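Student: Requesting a structural model of the entry that follows:
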Amino acid sequence: MATSATLIETLKNNLKARGITYKKLAIKWGLSEASVKRLMSDGDLSLSRIETACELMSISFSELIKLTPFEVEIVDQLLKPEHEEEFAQELRLYHFWTLLLEGQTVRQIEKKYVVSVNDVQKFLLQLDRMKLIELHPKNRVKILEQNRRLLRKDGPMGKVLLQQAKTSFLEHPFKNSLLEHLRFTMYKLSPQSAIRYKTKIDKMITEMKNESQIEAELPESIEFGLLAALRPWQSPLLEALPLKG
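Tutor: Got it, this is the predicted structure:
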């Protein structure tokens, strides 16, 4: 479920997209503009106030809920900054940790991957020190931060992943029509429609995550990468003919 803070943030974005100022909202709520700013900042909104704000935007409360991203980048699912820093310094450590998260044992990792016994021990001790795992005798492992898997796009590991996306991921020819798909389009949209499509992207990613949790152990399952981006942008191709002054 989305938190109240996420719901109010969605409300703010939709008000702004529709050009509805806090002054107009203040009149609707029968408050001063300063009071509206304070309520919005504190996230202290009653259901009735949210509903009247929806009336002002000519949408229903249920439509606002649909626009609100659920279970996307929840704070307690993000990697801690200090962990990202360490992983960015040693990408093999990050890979080793993700294998443990997938449920593989240390013995299985040693058999399947090119990694020395010394490196395995070093990685285990480092993860234990980071409090991501609890290391027990005979290299038995208890995962302590199972949910912290998401990367901040502006964090050290997020930047590494983004750089890889710009190079090795997008440089691929995408010739397998069955399993690969690359589309790039440009359309003119209203800000509120752009917000709606952003929410759809988030929901699709959440659906993929949920299906992955079920299908990850299937023998035919393989890794897939999805890169989705949405932003105001005009291609240089459309600037070849400059506007007349």
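
Student: Now do the lengthiest helix in the chain: which elements does it pack against?
Tutor: Using DSSP state H to define each element, the chain has its longest helix at helix 191-215. Judged by 3 or more CB pairs under 8 Å, 6 or more residues apart in numbering; DSSP states H and E, helix 191-215 is in contact with helix 4-17, helix 61-67. (C-beta placed from N, C-alpha, C; glycine too.)

Student: who touches the last one?
Tutor: The contact list for helix 61-67 (CB atoms under 8 Å, 6 or more residues apart in numbering) reads Ala2, Leu7, Thr10, Leu11, Asn14, Leu47, Ile50, Glu51, Cys54, Ile195, Arg196, Thr199.

Student: Return a selection command, for use in ChimeraX, containing the buried ones of those.
Tutor: Those of those that count as buried under 16 or more other CB atoms under 10 Å are selected in ChimeraX with:
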select :2,7,10,11,14,50,54,195,196,199
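
Student: how about the contacts of helix 61-67, which pair is most distant?
Tutor: Greatest spatial distance among the contacts of helix 61-67 (CB to CB): Leu47 and Arg196, at 22.4 Å.

Student: Make sure I have this right: Val141 is in a strand.
Tutor: Yes - using DSSP: H, G, I helix; E, B strand; the rest coil, the secondary structure at Val141 is a strand.

Student: What's opposite it in the beta bridge?
Tutor: Beta-bridge pairing for Val141 (DSSP bridges): Leu135.

Student: Quick check: it touching Phe123?
Tutor: No - with contact defined as CB atoms under 8 Å, Val141 does not count as touching Phe123 (10.6 Å).

Student: from the contacts of helix 61-67, which single one is nearest Gln89?
Tutor: Distances from Gln89 to the contacts of helix 61-67, taken by CB to CB, are shortest for Ala2, at 34.4 Å.
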